[in-house]
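Visitor: next one to model:
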Amino acid sequence: MELTDYIASNRAVAEAVCQRLAHEIDKLGLSATVTYPQYEGSSFELIKDPYTGQQNLCCYWFDQHKRHRLGRLQFNSDGSFYAEYDVSQPHPTKKKWFIESVTAWGQADNMKAEAKLLPMAQ
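Guide: Next comes the predicted model:
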């Protein structure tokens, strides 16, 4: 399969992952200060799975100037995926916590997501 085939065959799940990450951002109350990940316009590449030897699709999200990577979504050859999207902001209501990122993982029919929080430096 070609890169364009991988991009097309993973589109529906990838868009659902982007929506789930956006939902996690919204739950944190950050929709006004954080851009949402979008499948369209991502940077794509195929990487070889060191365990299976098969190709995995990686999608990278960058800032509007394409200088800083904001996140990554990887589709594994076993049908699973993992996504992480940087938020890098203090938690709006929990003053002792910093939001590093939002993550999503699983498979198309069993998706999980959460925010990755770190204690704020004292």
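Visitor: going forward, measure contacts between C-alpha atoms and count neighbours the same way
Guide: Will do.
Visitor: could you pull out the strands for this structure?
Guide: For the chain, strands defined by DSSP state E occupy the ranges 43-48, 55-62, 69-75, 81-90, 97-107, 110-119.
Visitor: minimum distance to Met1: which of the ones you listed has it?
Guide: Among the strands of the chain, strand 55-62 comes nearest to Met1, with 9.1 Å by Cα to Cα.
Visitor: which regions of the chain lie under the pLDDT threshold?
Guide: Applying pLDDT under 70 to the chain flags residues 32.
Visitor: contact partners of the helix ranked longest in it?
Guide: In terms of residue count, the longest helix belonging to the chain (DSSP state H) is helix 11-27. Residues from elsewhere that reach helix 11-27 (Cα atoms under 8 Å, 6 or more residues apart in numbering): 31, 34, 36-39, 73, 83, 85, 102-104, 108, 113-115.
Visitor: mind running it again at 7 Å?
Guide: The contact list for helix 11-27 (Cα atoms under 7 Å, 6 or more residues apart in numbering) reads 31, 36-39, 102-104, 108, 114-115.
Visitor: only whichever of those are buried, select them in PyMOL.
Guide: A single PyMOL command is used to select the members of those judged buried by 16 or more other Cα atoms under 10 Å:
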select buried, resi 36+37+38+39+102+103+104+114+115
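Visitor: closest one to Asp78 out of the contacts of helix 11-27, please.
Guide: Using Cα to Cα, the contacts of helix 11-27 come closest to Asp78 at Ala108, 11.6 Å.
Visitor: for Ala113, grab the count of nearby residues.
Guide: 18 (other Cα atoms under 10 Å).
Visitor: ok, it touching Trp105?
Guide: Yes: with contacts counted by Cα atoms under 7 Å, Ala113 reaches Trp105, the gap being 6.4 Å.
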